[in-house]
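1. here is a sequence together with a model predicted from it:
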Amino acid sequence: MKKNQTVEVTIEDIGINGEGIGKYDGYPLFIKDAIVGDRIEALITKASKNYGYARLSRIITPSPDRVEARCRQARTCGGCQLQELSYDRQLFFKEKKVRDSLRRIGGFDEAVLDRVFEPIMGMDDPWNYRNKAQVPVGYDRSGKLVAGFFAGRTHQIIPMEGCVINMPGSDAVINKVLNYMQANRITAYDETSGKGTVRHILLRYGFFSGQWMVCLVINDPSGEKLRNSDQLIESLREIPGMTSISFSPNTRNTNVIMGETYKTIWGEPCIHDTIGDLEYEISPLSFYQVNPKQTKVLYETALAYAGLTGNETVWDLYCGIGTISLFLARNAARVYGVEVVPQAIEDAKRNAALNRIENTEFICGRAEEVLPARFAETGERADVIVVDPPRKGCDEVLLETITRMAPDRVVYVSCDSATLARDLKYLAANGYRLEKVRPCDQFSHTAHVEVVVMLSRTEGESGTSL
Ligand code: SAH
């Protein structure tokens, strides 16, 4: 197989990043934008010994599951990888992705998976669901100031209009920022030279509260380069629900989007939103689930899996702004939340107060350091431990401490099925039985999938193994 060779293949499978997989003479090719069931003509772009990459050049016979993308820029943008696959099949693919990881990486067999798997929770209306957008600012080929997305792996920014997964109304907010920049000759940041001012526009929208937040990420420690910022404020205030306008300095040459601090220049430092009947404050730097409708479903599942009666001691590790902790607190004796971002811990404390919840304690630090230290100090066990780590999953030191604290149940909320499977394998080998697995579609049209899992302890305190 050679680069630049054109081949005809039938797409038989879907890769973990949503790409189509087809075999030509037994040689697997990964092909972006190709859908299972398509017969296509593809141009090989990279050929290594055992597999290659190809570009979809022509669809010969479309798959019965192929649908027209709602967004004209779906292929160039790359933010959505599955828009051309029917939503039902997307959900099927996500279930399969989780199952495959648990089987291949976790070592769970089909009989176990059949016993524990619950159907994926999909969305009724999987469009314009995101409450957060981080939009890069730059120049197009003609030198015009634009905000949008990077085309492929280039530094070229393509303007984004009518994004079908972002919150409704985002274009109007972005345009106001661009108009202000233009009128005041404020430059966009250039990654290569490290020059220029505005890097990203962060937008957040509370679907229930109707509140907007705008935070400009700037290559300027003081914010003085945002000349005449009162013009920006005046213009943004015309947006109904505008609540918080701030900037976050980020002068580092890094692909981390946000800076480490932020300064409010108008309105409130936070916006409010509700999940179920709990209210949350969200600041520019804190993590907050991006799909509010599905977050409610996800948390309700986590709560049901925790099986609380009101007497339990619960740890919520990687707690962010305390969203899950507060959901659990009303049904537990005490909830401890652990999170590494100090601002998020501050938000968590305020959120507890806001909801008049008094049985929580929030601790700032790494879960893999806080929990072992605390356990060494108090020797206190837990009834339920919830973890919701970032993609890299849990540190083994943490998993080991969890097994020593011997909670009756572990609830694992995951955004990466591969690291989830690795961690479940550890827990299953150390006294825990996989009881329930339920994927939840938090990221419709993308290849990402969220999963909630429950494990129960098999070894009683008397040492009996069930
Ligand atoms: N449970 C929360 C947040 C989940 S996202 C929610 O549902 O909103 C994962 C969180 O883990 C982020 O807030 C991140 O800042 C935090 N985090 C990352 N590494 C960590 C670590 N080693 N220890 C504790 N928290 C960590």
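-> Noted; the coordinates are in hand.

2. how about the contacts made by residue 380?
-> 313, 374 (Cβ atoms under 8 Å, 6 or more residues apart in numbering). Every residue, glycine included, has its C-beta placed from N, CA and C.

3. do you know how far the residue nearest to residue 459 when sequence neighbours are not counted is from residue 456?
-> Once flanking residues are discounted, residue 459 sits nearest to residue 431: 4.6 Å by Cβ to Cβ, 6 or more residues apart in numbering. Separation of residue 431 from residue 456 (Cβ to Cβ, to the nearest Å) stands at 10 Å.

4. can you give me the neighbour number for residue 37?
-> Using other Cβ atoms under 10 Å, residue 37 is surrounded by 17 other residues.

5. which ones are touching the closest residue to it other than its chain neighbours?
-> Among residues not flanking residue 37 along the chain, residue 63 sits closest, at 2.9 Å (Cβ to Cβ, 6+ apart). Residues counted as contacts of residue 63 (Cβ under 8 Å, 6+ apart) are 11, 35, 36, 37, 38.

6. repeat that for 10 Å
-> Residues in contact with residue 63 (Cβ atoms under 10 Å, 6 or more residues apart in numbering) are 10-11, 20, 34-40, 84-86, 89.

7. how about the residue of the stretch 251-400 of the chain found nearest the ligand, nearest residue that isn't a chain neighbour?
-> Residue nearest to the ligand within the stretch 251-400 of the chain (Cβ to the nearest ligand atom): residue 320, separated by 2.9 Å. Distances taken as Cβ to Cβ, 6+ apart place residue 287 nearest to residue 320, at 4.4 Å, with adjacent residues excluded.

8. near the ligand, which residues of this structure show up?
-> Residues of the chain lying close to the ligand by Cβ under 6 Å from any ligand atom are 287-289, 318-320, 323-324, 338-341, 344, 366-368, 388-390.

9. mind listing which of those residues are in helices?
-> When DSSP state H defines the helices, the subset of the residues of the chain next to the ligand inside them is 323, 324, 344, 367, 368.

10. export those residues as TSV, with columns for pLDDT.
-> What follows is these, written out as TSV (pLDDT from 0 to 100):
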residue	pLDDT
323	95
324	97
344	89
367	98
368	98
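
11. now the residues you listed: which count as buried?
-> Burial by neighbour count, judged by 16 or more other Cβ atoms under 10 Å, picks out 323, 324, 344, 367, 368 from those.

12. and the first one, what does it touch?
-> Contact partners of residue 323, counting by Cβ under 10 Å, 6+ apart, are 275, 278, 280, 282, 286-289, 295, 298-299, 316, 337, 347-348, 351, 388.

13. just the buried subset of those, written out for PyMOL, thanks.
-> A single PyMOL command is used to select the members of the contacts of residue 323 judged buried by 16+ other Cβ under 10 Å:
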select buried, resi 275+278+280+282+286+287+288+289+295+298+299+316+337+347+348+351+388
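
14. helices along the stretch 1-150 of the chain, start to end?
-> 74-77, 87-104, 110-116 (DSSP state H, counting those that start in this stretch).

15. now a ChimeraX select for only the buried ones of the contacts of residue 63.
-> Filtering the contacts of residue 63 down to the buried ones (16+ other Cβ under 10 Å) takes a single ChimeraX command:
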select :10,11,20,34,35,36,37,38,39,40,84,85,89
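
16. quick one: average confidence on the one helix or strand residue 456 maps to?
-> Using DSSP states H and E, residue 456 sits within strand 450-457. When pLDDT is averaged along strand 450-457, the result is 98.

17. per-residue pLDDT, the residue of the stretch 251-400 of the chain closest to the ligand?
-> Residue 320 is assigned 94 on the pLDDT scale.

18. what residues of stretch 375-386 count as buried?
-> Across stretch 375-386, burial judged by 16+ other Cβ under 10 Å covers 375, 382, 383, 384, 385, 386.

19. burial count for residue 333?
-> 14.

20. give me every residue that touches residue 259.
-> Counted by Cβ under 10 Å, 6+ apart, residue 259 has contacts 199, 215, 217-221, 247-252, 284-285.

21. quick check: phi and psi on it?
-> Here is the backbone geometry of residue 259 (degrees, to the nearest 10): phi -80, psi -170.

22. any idea how far the ligand is from the closest residue to it other than its chain neighbours?
-> Spatial nearest neighbour of residue 259, chain neighbours left out: residue 250 (3.6 Å); criterion: Cβ to Cβ, 6+ apart. For residue 250, the distance to the ligand (Cβ to the nearest ligand atom, to the nearest Å) stands at 17 Å.

23. just residue 240 next, same as before
-> 27 Å.

24. on the three-state scheme, that residue is what?
-> coil (DSSP: H, G, I helix; E, B strand; the rest coil).

25. tell me the confidence at it?
-> The model's pLDDT for residue 240 equals 98.

26. so what's the backbone phi/psi at it?
-> phi -60, psi 130.

27. hmm, residue 212 and it touching each other?
-> Yes. Counting by Cβ atoms under 10 Å, residue 240 touches residue 212, with 8.3 Å between them.

28. who does the closest residue to residue 59 other than its chain neighbours bridge with?
-> Counting by Cβ to Cβ, 6+ apart, residue 59 lies nearest to residue 40, which is 5.4 Å off, once chain neighbours are set aside. Per DSSP bridges, the residues bridged to residue 40 are residue 9, residue 59.

29. check contacts around residue 40.
-> Listed by Cβ under 10 Å, 6+ apart, the contact set of residue 40 reads 7-11, 20, 22, 29, 31, 33-34, 54, 56-63.

30. among the residues you listed, which ones are buried?
-> Those of those that meet the buried threshold are 7, 9-11, 20, 22, 29, 31, 33-34, 54, 56, 59, 63, by 16+ other Cβ under 10 Å.

31. please consider this matter closed, and thank you.
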